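In: Please find the sequence and the predicted model below.
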Amino acid sequence: MVDILWAEDNPLDRQLIEEALADLPGAPSVSFAEDGEELLRRLRTERPVLVVLDIKMPRVTGIEALDRMRRDAKLHAMPVVIFSSSNQPSEMDTCRRLGVRDYVQKPIEFGALQAAVRRVVGWASAVSPRAGDAG
Amino acid sequence: MTEPAAASPLILPSIASVGMAHAGLLAARQDGMPLRDLLENAAPGIHQADAQGRILWANRAELEMLGYAAQEYVGRNFAEFHADPGAAADILERLARGETLRDHPARLLRKDGTVRHVRIHCNARFEDGRLVHTRSFTRDATERVQIDAARDMASRLVETMRDGFLQLDSSWRITYANPSVRGGRSPADFEGHLLWDLFPDVAGTEFEARYRHAMESRERVTFESYYAPMKTWMENTVLPVEGGLWLHYRDVGERRRTEELLEARNRQQKALTRLGHEALSDKSVAQLLELAARQVSATLGVEFCKILELDAGGTWFDLRAGVGWKEGLVGTARVPADGHSQAGYALQAAQAVVVSDLEHDGRFSNPLLLQEHGVVSGMTAIIGGHGRPFGVVGAHSAQPREFTPDDVEFLQAVAHTLAAAIERRRIEAELRKHRDHLEELVAERTRRLAESNSELEAFNYSVSHDLRTPLRAIAGLSGLLVQRHVRDLSPAAQRLAAQVQEEAVRMGTLIEELLNLARYHRMELSREPVDLSKLSREVLSGLAAGSATPRSVEWTVQPGLLALGDPHLLRAVLENLLGNSWKFTQRKPHARIEVFGLPGRDSTTLCVRDDGAGFDMAYAQKLFQPFQRLHSPTEFEGTGIGLATVARIVQRHGGKVWGEARVNEGASFYVSIPA
């Protein structure tokens, strides 16, 4: 049972996130989807505590995936955090309207990236007592 | 009239003195003499006077004629009652000579001051050669005299007047024709002749009809009619009289012509007013031309009007509008524009042309259009235009027709009105074309701008995302290298890995700032009151809190600095300016940063001043251009975008930004935002 289903298309970013998670003691379990399409497919059967979305992804973008989740009776209440390079105000507004828990911009510097990843996964324990030991 | 002398022995034989006249009269009545009574009541005025002319007795008719009572009249000298001096003396003298005056005219004064014309019949009675008394029979002839005078006057008037006067008997024979009718010929040439023989032209005209009507109906007739033989209008009065008719006629041609001129001018003015009014409306040129053609035809009373437009080549006229022409010609007919046609001639002569009789006018030939319609007279006026004439307007008739100067002026005025209206519409159309073109241009530019904006948007997105992703990989991987594999690296390799990480982070900052610069350029601007003092304090506090190394900076912010603008963008301005001050004072052990306002009515001017490194004013114009730096990275960190961002934000607020500095003495930056 994964705690976090994380959509991220870029393998290097996935590698850095995994490296950052490796340093976190008691980190929740994370499984990556390589794009929005895979994420939505897996959400039909899987029930993670938290969904993390990159925005710019091939085929189904993070915002499209989020929009479809919000229209889906089973998924519309799923906690979502955005983790993206984009700091476009318009995209931030859209995400806020679609009820994301947090919008975290991917920093460039590795130390900052570690802090950002820590903040993202922190939401898993915040939204579910099941991942309470993650914190 | 009977001879009064015969009765005189019967009259007052006993009167001996003037003073006794009244008594004598009474005595006569008392005598009951029938003859005296007869005299007293006779129709003529009768009196007796003595040798000196003193009235001895007068009958009732005489007293009534002159308006006196007997006692006012009898005893006075009859000379007192004559209006003409000497008349009485003359009468008396002739009577004294034994003359009998018959119907002697005299003028007598009535008591009321008026004059009576009388005829006097009188003589004297003599005894032994001595004049005993005179007897006088007077008839009032005033009315007769007046009638005679009136008749005389009327006859003189008829003889001298310029009006014609004819007297006709009931069989239409002329019994009198005044000199005006006779025109130098003798009365004998007229009198006794039949009216119809002498004036055969009258036959069959309104004149004959009216005369006959008057003769039959015995009614007075007055009328005006055009008398063709004399080419003039006549006012006629036909008065039935005993045994015939009086005919009076007067030439009223002049009056009629004046009236017609006035009426024509009035009509023309109305037509021009109407046309001028329509010229100002939004009617099209075609509609105006059609209206003008109708107005010209109706106002001048001509059957044809044409409005020709000169074609682009100047060789043909096109019939654009008209009245009277055969169907299908308007809009299709063409007339050569050479000097042989009336229109072409007018154009070449550059003035209106008037033709009374086309056939006998040597100036030009009749174009087919006019020939076809039997046009013989007309006028043509030029409709001016922009650079060259628009064309001509022509008024034509199949009748020979004289056009007055007013007519010509009218046509010219129509042409001018049309020229002005056409010119106005041309200019309007041109303006509209320009405006449409301009709108198209603006739309096109806007579309291209939107396109380029959206391309820029995509580009920015791409930059922000795609450039940062590998950058993050470089920074992250080198970071991992330093963090996790430090033991596997030589000190030199460690330093290199750290440098890779730093440079990647610096590039990330550069990208960030560039994106912000682009975004500030495009984003919607809000305008609200912004407390710059509060913002400045917040920014300075943030700088102090975020400083990696402890700093001694004394900062002061003037309170209450307000500007109208976008709070986010103005914060970015202050972050950049105060950030610069913070940065460029980092070498000073004790630095000073001031924020204050400058007085101004139309704008808010804010100054950020520090005592830091400053700069050389020679490079001041480079300050606000992107990527221009006045310090090397080893002196001060920076991307060279901060002040360009400030300048762009201030420009978007319609404000100004400028800087002053001296090397090593500090810098002042001014931002002025319109109020």
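Out: Arrived safely. Quantities reported herein were computed from a predicted structural model and do not represent experimental measurements.

In: Which positions in chain A make contact with chain B?
Out: Residues of chain A found near chain B (CB under 8 Å from any CB of the partner chain) are A:10, A:12-13, A:16, A:19, A:56, A:85-89, A:106-111, A:113. All C-beta spots, glycine's among them, are computed from the backbone N, C-alpha and C.

In: PyMOL command for the buried members of those residues?
Out: Written as a PyMOL command, the selection of buried residues from these, which uses 16 or more other CB atoms under 10 Å in any protein chain shown, is:
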select buried, chain A and resi 10+13+16+19+56+85+86+87+88+106+107+108+109+110+111+113
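
In: For the chain, give me the ranges with low pLDDT.
Out: Picking chain A for this. For chain A, the stretches with pLDDT under 70 are A:1, A:129-135.

In: think we crossed wires, I meant chain B
Out: Short version for chain B, where the test is pLDDT under 70: B:1-33, B:366.

In: give me the residue from it nearest chain A.
Out: B:Gly479 (2.6 Å; CB to the nearest CB).

In: List the residues that contact that residue.
Out: A:Glu109, A:Phe110, A:Gly111, A:Leu113, B:Gln501 (CB atoms under 8 Å, 6 or more residues apart in numbering or on different chains).

In: now do B:Thr380
Out: B:Gln342, B:Ala343, B:Tyr345, B:Ala346, B:Ala352, B:Val353, B:Val392, B:Val393, B:Gly394, B:Leu411.

In: So which residues of the stretch 401-550 of chain B form strands?
Out: For the stretch 401-550 of chain B, the strands defined by DSSP state E, counting those that start in this stretch cover B:528-531.

In: So which residues on it come close to chain A?
Out: B:461, B:464-465, B:468-473, B:475-480, B:483-484, B:501, B:504-505, B:508, B:523.

In: same question, the stretch 151-300 of chain B
Out: By CB under 8 Å from any CB, no part of the stretch 151-300 of chain B sits against chain A.

In: re the thing from before, of the contacts of B:Gly479, which belong to helices?
Out: A:Phe110, A:Gly111, A:Leu113, B:Gln501 (DSSP state H).

In: Pick the one among those closest to A:Thr94.
Out: Closest approach between the ones in helices among the contacts of B:Gly479 and A:Thr94, by CB to CB: A:Leu113, at 24.1 Å.

In: Can you tell me how far the closest residue to that closest one other than its chain neighbours is from A:Arg119?
Out: Using CB to CB, 6 or more residues apart in numbering or on different chains and skipping the chain neighbours, the partner closest in space to A:Leu113 is A:Pro107 (5.1 Å). Counting by CB to CB, to the nearest Å, the gap from A:Pro107 to A:Arg119 is 11 Å.

In: Same question for B:Thr160.
Out: B:Thr160 is 134 Å from A:Arg119, by CB to CB.

In: okay, the two: which has more neighbours?
Out: Remark: of B:Thr160 and A:Arg119, A:Arg119 carries more neighbours, 13 against 10, as counted by other CB atoms under 10 Å in any protein chain shown.

In: Please list all residues in contact with the more buried one.
Out: Taking CB under 8 Å, 6+ apart as the test, what A:Arg119 contacts is A:Asp102, A:Val104.

In: And it, which helix or strand is it part of?
Out: A:Arg119 belongs to helix A:110-127 when assigned by DSSP states H and E.

In: Also B:Gly614?
Out: Residue-wise, B:Gly614 maps onto no helix or strand under DSSP H and E.

In: check contacts around the closest residue in space to it that isn't next to it in sequence.
Out: The shortest distance from B:Gly614 to any non-neighbouring residue, by CB to CB, 6+ apart, is to B:Ala661 (4.0 Å). Applying CB under 8 Å, 6+ apart, one finds that B:Ala661 lies in contact with B:Gly614, B:Phe615, B:Asp616, B:Met617, B:Ala620, B:Ala667, B:Ser668.

In: Could you identify which of the residues you listed has the most neighbours?
Out: With neighbours taken as other CB under 10 Å, the top of those is B:Ala667, carrying 25 neighbours.

In: Give me the secondary structure label for it.
Out: Under DSSP: H, G, I helix; E, B strand; the rest coil, B:Ala667 falls in the strand class.

In: got a list of what it touches?
Out: B:Asn580, B:Ser581, B:Phe584, B:Arg609, B:Asp610, B:Gly612, B:Ala613, B:Gly614, B:Phe615, B:Gly659, B:Glu660, B:Ala661.

In: what pairs with the fourth one across the strands?
Out: Legend: beta-bridge partners of B:Arg609 under DSSP bridges are B:Glu594, B:Ser668.

In: B:Leu480 - nearest residue in space that isn't next to it in sequence?
Out: A:Glu19 (5.7 Å).

In: and the one you found, which of the three is it?
Out: When classified by three-state DSSP, A:Glu19 comes out as helix.

In: secondary structure element for B:Ala298?
Out: Per DSSP H and E: helix B:285-300 holds B:Ala298.

In: Which helix or strand lies directly C-terminal to that helix?
Out: strand B:304-310.

In: can you list the residues that contact that following strand?
Out: B:289, B:292-294, B:296-297, B:316-325, B:335, B:337, B:343, B:347, B:369, B:373, B:375, B:378, B:383, B:388-398, B:418.

In: what are the pairing partners of that strand, and which direction each?
Out: By DSSP bridges, strand B:304-310 pairs with strand B:316-323 (antiparallel), strand B:391-397 (antiparallel).

In: how about the ones you listed, which one is nearest B:Ala96?
Out: strand B:391-397 (87.0 Å).

In: quick one, phi/psi of residue 67?
Out: In the absence of a named chain, this looks at chain A. phi -60, psi -40 (degrees, to the nearest 10).

In: that's the other chain; I wanted chain B
Out: Dihedral angles (degrees, to the nearest 10) for B:Gly67: phi 80, psi 20.

In: Same question for B:Pro229.
Out: Per degrees, to the nearest 10, the backbone of B:Pro229 is at phi -60, psi -30.

In: returning to what we had before: reformat the ones in helices among the contacts of B:Gly479 into JSON lines and put distance to B:Ala228 next to each item.
Out: Below are those laid out as JSON lines (distance: CB to CB, whole Å):
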{"residue": "A:Phe110", "distance to B:Ala228": "124"}
{"residue": "A:Gly111", "distance to B:Ala228": "124"}
{"residue": "A:Leu113", "distance to B:Ala228": "120"}
{"residue": "B:Gln501", "distance to B:Ala228": "123"}
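
In: Geometric centre of the chain: which residue is closest?
Out: You didn't say which chain, so I picked chain A. Nearest to the geometric centre of chain A sits A:Val52, at 0.8 Å (CA atoms, centre = their mean).

In: my question was about chain B
Out: Mean-position check on chain B, CA atoms, centre = their mean. Result B:Thr273 at 6.9 Å.

In: ok but it is inside a strand, no?
Out: No: read with three-state DSSP, B:Thr273 is helix and lies in no strand.

In: excluding its backbone neighbours, what's nearest B:Asn576?
Out: B:Gly642 (4.2 Å).
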